[in-house]
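Undergrad: Next comes the sequence, and after it the predicted model I'd like to discuss.
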Amino acid sequence: MAVATAVLLAWLAWGTAKYPEAFWAPGDLSRYHADITTCAGCHQPFRGAVAGQCITCHGGSRFAVQPKSGLFESHQKLMRAGKSCSGCHTEHRGAQAQITIGVGRWENP
Amino acid sequence: MTVLAKRFLTVMVLVVAAIGGALLIEVLLSLQAGWTFGHSQQGHVVGWVGFALILSVFAYPLKKRFDRKWPKNWFRFHQMAGIVGPMLILIHAGPHFHALVPLFALLAMGIVVLSGVIGSAVHRKALQLLKDERKELLNRGLSPEDVEERLYDLASSEETFRIWQIIHSPMLMMFLSLVLAHVIGALYFGGL
């Protein structure tokens, strides 16, 4: 039995190192974030996907060049109000899934 | 149809209905929430409650080792917790299968529950055999002490029960390890 547990732990360690998404992810990343390959790209240990990691890529300059002009101001307002990114955005719902909640439904970002 | 066949069929139907029902509850809750119930706060709470109930099943095997008389009521609680706990986990999980660690934990749980249900049937049969043998030996005129001595070997070497123990105990160790990995993983990636 101790051997079986050791084998299980070894398998978990190997799988986490080689195929972390297959072992731990609740769903595939959407096509919007498919280029992110490491878990640490968004997740901090025991803190989840924190806003700081989102802003690393989705900073001010990225918003400013968006075609939908209102997006930059609306997000600035939300950030000043202290709203977290995960309040409206989520991931791991599959490649074709939407990642933004708008007016009570899931829609295009 | 024999009594045994009818009873077996009843149990099978109830098991399928229970599993299907629990999964259906999760689907309905998910549709209501707008996204997967298992990933919501309430979904996590259901997981914790189910886990707590599953851990409570260990009270019976511990009590059994320290009591001279078989603690029947504790066993009944063990049976109840061993069914309701996993059903709560089915509601927590729903018919969503993606990550390997929670999937294997779920499969291990299923094997443990199944082995428990089968085990209680095996045990019942073994007990019946012992009772019949005891009656037979007493009728033949042996003293009660002699009878108990002869039955001790029979009881401890009941082959079917041994095989059952070989499945139930190790399987639950694997289940606990996988659940621990799943909980730690969920807290690591999802935050405390």
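TA: Good, I have the coordinates. Numbering: from 1, shown residues only, chains lettered A, B, ... in the order given.
Undergrad: Low-confidence ranges, chain B, go.
TA: B:153-158, B:160 (pLDDT under 70).
Undergrad: How is it partitioned into domains?
TA: Using automatic domain parsing, the domain ranges for chain B come out as B:1-96, B:102-192.
Undergrad: do the first one and chain A meet?
TA: I take that to be domain B:1-96. Yes. Counting by CB under 8 Å from any CB of the partner chain, chain A is contacted by domain B:1-96 at B:G34, B:W35, B:T36, B:G38, B:H39, B:H96. C-beta: built from backbone N, CA, C; applies to glycine.
Undergrad: can you tell me how far the fifth one sits from B:V179?
TA: B:H39 sits at a distance of 17 Å from B:V179 (criterion: CB to CB, to the nearest Å).
Undergrad: more neighbours, those two?
TA: The residue with more neighbours, out of B:H39 and B:V179, is B:V179; 22 against 19, by other CB atoms under 10 Å in any protein chain shown.
Undergrad: Give me the three-state assignment for the residue of chain B positioned farthest from its centre.
TA: Centroid-distance maximum for chain B: B:G141 at 40.7 Å, with CA atoms, centre = their mean. Classification of B:G141 using DSSP: H, G, I helix; E, B strand; the rest coil returns coil.
Undergrad: Quick check: the gap between it and B:V147.
TA: 10 Å.
Undergrad: Which part of chain B gets nearest to chain A, residue-wise?
TA: Going by CB to the nearest CB, chain A is nearest to B:G191 of chain B, at 3.0 Å.
Undergrad: where along chain A do the helices fall?
TA: Applying DSSP state H to chain A gives helices spanning A:2-18, A:20-24, A:51-57, A:60-64, A:70-80.
Undergrad: Repeat that for chain B.
TA: Under the criterion DSSP H, chain B contains helices at B:3-33, B:41-55, B:59-66, B:72-93, B:100-139, B:144-156, B:159-190.
Undergrad: out of those helices, nearest to A:A10?
TA: helix B:159-190 (11.7 Å; CB to CB).
Undergrad: got the residues of chain A near chain B?
TA: Residues of chain A lying near chain B (CB under 8 Å from any CB): A:1, A:4-5, A:8-9, A:12, A:15, A:22-28, A:39, A:43, A:45-48, A:90, A:93, A:101, A:104-106.
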